[in-house]
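Undergrad: any chance you can model this:
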Amino acid sequence: MEEEIEDWVENRGVDFLERVGIESGQVVLDFGCGRGNYSVSAARVVGENGLVYVLDKNNERLDELVGVAKEQDLKNIERIDANGELKISLGDKSIDAVLLYDVIHLVGKNDSSTVRDRKRLYEEIYRVAKDDVLISVYPTHLTTHTDIVSLEEVRQEIEQYFKFEKKIFLRLVHDDNIENGEVLNFRGKVK
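TA: Model (predicted):
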């Protein structure tokens, strides 16, 4: 299975992210990037004139991702260590695109403040996002880890901050498997 994931990251990940709307020269935030299954592909799409910020609270995974970036001579990946707080150490209106893949269910997971924490996450992303930002979300594990039970509820929650653009059904990486999934795209801020 690991070879299939590596092949996806090396080959199909670029096509996936281009279909989602990531473009050359953009500044992308991969929030909750894990080991970087999307980060590496995003770095290839944005190219040397773009930048991918990788943010995760798991330092070991960030170390692994930075090592892969060095091995592949990707100089446009920048690490942001997180301590679990919903504060992104970037300037206002500095991000063109945000990837929220397989992460929403983890926000507020260990306490009863899940809704409040997701709201803080969306507010913080709103702060760092440019006005015409692309927010791409792959919501997973909803019924087992959150109070949200459907993609429609995720959409409605995020639409308080960003304008819904479209759903895209694609093959992607999830929990170290290749599977079909629905990605929700939002484009631009709700004023």
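
Undergrad: now the residue positioned nearest the centre of the chain: how far from residue 76?
TA: Geometric centre of the chain, nearest residue: residue 99, 2.1 Å, by CA atoms, centre = their mean. Remark: distance between residue 99 and residue 76 (CB to CB, to the nearest Å) = 15 Å. Glycine gets a C-beta too; all of them are placed from N, C-alpha and C.

Undergrad: what do you get for residue 106?
TA: The gap separating residue 106 from residue 76 is 26 Å, by CB to CB.

Undergrad: likewise for residue 28?
TA: Residue 28 sits 9 Å away from residue 76 when distances are taken as CB to CB.

Undergrad: which one of these two is surrounded by more residues?
TA: Between residue 28 and residue 76, residue 28 has the larger neighbour count (other CB atoms under 10 Å), namely 28 against 18.

Undergrad: so what pLDDT did the more buried one get?
TA: pLDDT, residue 28: 98.

Undergrad: just the CA atoms of the single longest helix found in the chain, as PDB, please.
TA: In the chain, with assignment by DSSP state H, the single longest helix is helix 114-128. Listed in PDB are the C-alpha atoms of helix 114-128, where the atom choice follows Å, rounded to 0.1, in the frame of the first residue of the first chain:
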ATOM      1  CA  THR A 114     -16.000  21.200  19.400                       C
ATOM      2  CA  VAL A 115     -18.300  23.800  17.800                       C
ATOM      3  CA  ARG A 116     -16.600  26.700  19.400                       C
ATOM      4  CA  ASP A 117     -13.100  25.400  18.400                       C
ATOM      5  CA  ARG A 118     -14.200  24.900  14.700                       C
ATOM      6  CA  LYS A 119     -15.500  28.400  14.800                       C
ATOM      7  CA  ARG A 120     -12.200  29.700  16.000                       C
ATOM      8  CA  LEU A 121     -10.400  27.700  13.300                       C
ATOM      9  CA  TYR A 122     -12.600  29.200  10.600                       C
ATOM     10  CA  GLU A 123     -12.100  32.700  12.000                       C
ATOM     11  CA  GLU A 124      -8.300  32.200  12.100                       C
ATOM     12  CA  ILE A 125      -8.300  30.900   8.500                       C
ATOM     13  CA  TYR A 126     -10.500  33.900   7.500                       C
ATOM     14  CA  ARG A 127      -7.900  36.200   9.000                       C
ATOM     15  CA  VAL A 128      -4.900  34.800   7.100                       C
END
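
Undergrad: any idea which helix or strand comes after it?
TA: Elements were assigned by DSSP states H and E; along the chain past helix 114-128, the next helix or strand is strand 129-138.
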